[in-house]
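> for reference, the sequence and a predicted model appear below.
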2 protein chains.
Amino acid sequence: MSGFKYEILKVDAKTGARVGRLTTPHSVIETPVFMPVGTLATVKALSPEELKELGAQIILANTYHLYLRPGTEIIQKAGGVHPFMNWDRSLLTDSGGFQIFSLSKLRKITDEGCTFSSVVDGSKHFMTPEDAMAVQNILGSDIMMAFDECTEPNCGYEKAKDAMERTLKWLDRCYKVSQDDSKQMLFPIIQGNVFKDLRVESAKRTAEYARCGIAIGGLSVGEPKPVMYEMLETMLPYYPEGQPRYLMGVGSVDCIVEGVFRGIDMFDCVLPTRIARNGTAMTFRGNINLRNARFKDDFRPIDAECDCYCCRNYSRAYVRHLVIADEIFGGRLVSIHNIRTLMRLTEKLKEAIYADKLTEFHDAFMAEWKDKADVD
Amino acid sequence: MSGFKYEILKVDAKTGARVGRLTTPHSVIETPVFMPVGTLATVKALSPEELKELGAQIILANTYHLYLRPGTEIIQKAGGVHPFMNWDRSLLTDSGGFQIFSLSKLRKITDEGCTFSSVVDGSKHFMTPEDAMAVQNILGSDIMMAFDECTEPNCGYEKAKDAMERTLKWLDRCYKVSQDDSKQMLFPIIQGNVFKDLRVESAKRTAEYARCGIAIGGLSVGEPKPVMYEMLETMLPYYPEGQPRYLMGVGSVDCIVEGVFRGIDMFDCVLPTRIARNGTAMTFRGNINLRNARFKDDFRPIDAECDCYCCRNYSRAYVRHLVIADEIFGGRLVSIHNIRTLMRLTEKLKEAIYADKLTEFHDAFMAEWKDKADVD
């Protein structure tokens, strides 16, 4: 029996955006959901307890990185990523495909699989779709991602089409070795770059492999935001019914609002923790660069409306001091704030969907949003 | 009325070592005590809540570093270090003297004060004993340290004597501007390098200025450990009665045992957090370098006898993985473990004193201690 189910609790009347509930063997996840990224079996700077206090029901780990370091042998001995890192809620692992394409030099792709060199020590590795599944079996994630070929923006139609076809062939192989969904669920990935016909075709053919969730890959990789939104609109009619839709690698405030507005249920990104460590705080109106000198004696919280540990206890002046002095606690505090901001955002989005007012929420929110400015 | 008192609860019959209770306006501190160091108004990588959970009743902050960054103006606006960093227990600030001597190039010392260049930006500063008190008044620490001149090992007798005399002159000036001990208590500092006669003279003359505590400076600065122990034995008869004795800059397991054995009540050092961030864990039998390959699949806790958050939840294999991958959470976990180890150590020392068995405890403990080895 499958350990997974997805229930749709409410559909926004105008947009079709949903509030849902995804159940995995480890936890119940309300969607729309933002999933913090714990690349190396740790969400940078944070403890599992802090993540729970922030409201995280699911986090990510990266197959590529864990495969290289500490290696699958050690994680197997530990009994999987969950006990290794002391995380007892849901876990999603990507397939390693994206990192092979974005991080590794000297990669070589054939229909059989990928040869790539390690970003850690340059050593050579070969990975097939079956390998990517086997590694994720060892990692023990609740949600496994299919091994896909992600293309760059402006790669051209033919290359995008080839990669889409290869991704579908690889998906078939991933599917064949992951039939048992009692403990782990395979999410297939739609590709097709920025070409509408490829996106539609990929969505249709990928949907056939989806049992409790489908993912959208190859977006938020450098293309303009309006192009990403157009692709989401294009794919919207072709998702499998009654399943969550996961837009991979998206984690900015505006893109989450725009994504939910276009039917997306799940998001992940390193963005909130990465920019946090550099002193950039997220708010519903735009980002704040705490390194800015005008915050040096600003004793207000980062965001007066935020209920996070950082905003309840610390001033912009203190956090700025920590960031400027390169103190670890500064990165911790801003990471906490940024993740909490995205959690609060999905709460607001749910409320709007329950009230059948997502369009009004979206329009009002985006009118206030400052994409480039450093807001006060 | 003074906000401070020190009560001696028990004296070990053979050694004279004590269990005591120091009350400040912010908290009650049981001695012997280890005080974690929060150089820049943050104990590196840790939150105030974590420090409390570890049992910390008092932490340090460094006047020199805070004076340079963020600067006294900002801390004054914040209302002091306590509200700035969200710490509501006791706080001790050093005077800046030690850092001026150990960190700053181009320092110039006269009887009036010190000229030094900032370690942050090279800017030139001049600080007198009165300035050091005024800055500590703004920082709002419970315990302020006198402005002293610390000498290096092997500086020679004449230089050591001159520095001792200057320290006493400066102490007189510090004392004159810090008579009000309702909120802040001045701890004078004994100097005298490794010369017994100077240590005795400094102890006697410094004791005249001590109201609720005296400090020992200029040790643990590079001299051999047996020399430090000899100096402690030399000074033991000359401390002021009924007051705590603070050995500055000492925080290794063995030196705390040896220090308490020789009448010391208070310790501070960056050691436990500094070595933690490099992957070195403290135990009662010696240090463990978690980078060692033999820990890569060691799923035991760092120390099976330790009750800290790290040892209750994480394996050596996981912590090693984090340390090797330079993950912030690794430094957090080992910092937590190391500070807790020193807290547990002072608990054990108190028990031994209460049982009049400190000598037996000391002898058995030091027989097990491995100074250089990487224990298992």
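Here it is on my side, so go on.

> now the terminal residues of stretch A:187-204, how far apart.
14 Å (C-alpha to C-alpha, to the nearest Å).

> which parts of that stretch are buried?
Neighbour-count burial for stretch A:187-204, with 16 or more other C-beta atoms under 10 Å in any protein chain shown as criterion, is recorded at A:187-195, A:198-203. For every residue, glycine as well, the C-beta is placed using N, CA and C.

> next step: those restricted to strands.
The strands, defined by DSSP state E, take in A:187, A:189-190 from those.

> would you mind listing what in the stretch 251-376 of chain A touches chain B?
A:296-297, A:299, A:313-315, A:317-318, A:320-322, A:324-325, A:327-332 (C-beta under 8 Å from any C-beta of the partner chain).

> which among those residues count as buried?
Looks like these have A:296-297, A:299, A:314-315, A:317-318, A:320-322, A:324-325, A:327-332 buried, using 16+ other C-beta under 10 Å.

> what comes into contact with the helix or strand hosting residue A:310?
Secondary-structure assignment from DSSP states H and E places residue A:310 in helix A:309-313. With contact meaning C-beta atoms under 8 Å, 6 or more residues apart in numbering or on different chains, helix A:309-313 is reached by A:50, A:53, A:301-304, A:319, A:333-334, A:336-337, A:340, B:86.

> between those residues, which has the most around it?
residue A:334 (30 neighbours; other C-beta atoms under 10 Å in any protein chain shown).

> is it true that that one touches residue A:281?
Yes: assessed by C-beta atoms under 8 Å, residue A:334 is found in contact with residue A:281 at 5.4 Å.

> just the contacts of helix A:309-313: which are in strands?
Assigned to strands by DSSP E, none of the contacts of helix A:309-313 qualify.

> farthest pair in those?
A:50 and A:304 (21.6 Å; C-beta to C-beta).

> would you mind finding the longest helix in chain A?
Looking across chain A with DSSP state H, the single longest helix is helix A:328-354.

> so what's the residue count around the nearest residue to residue A:348 once chain neighbours are set aside?
Nearest residue to residue A:348 in three dimensions, chain neighbours excluded: residue A:361, at 7.1 Å (C-beta to C-beta, 6 or more residues apart in numbering or on different chains). Other residues lying near residue A:361 total 19 when counted by other C-beta under 10 Å.

> so who does residue A:361 touch?
So residue A:361 contacts A:257, A:348-349, A:352 (C-beta under 8 Å, 6+ apart).

> what is the helix or strand of chain A with the lowest mean pLDDT packed up against?
Across the helices and strands of chain A, the lowest-confidence element by mean pLDDT, DSSP states H and E is helix A:97-102, at a mean of 87. Counting contacts by 3 or more C-beta pairs under 8 Å, 6 or more residues apart in numbering or on different chains; DSSP states H and E, helix A:97-102 is packed against helix A:63-66, strand A:114-117.

> who's residue A:126 bridged to?
residue A:115 (DSSP bridges).

> what's the local residue count around it?
By other C-beta under 10 Å, 12 other residues sit near residue A:126.

> would you confirm that it contacts residue A:117?
No: counting by C-beta under 8 Å, residue A:126 does not reach residue A:117; the two are 10.9 Å apart.
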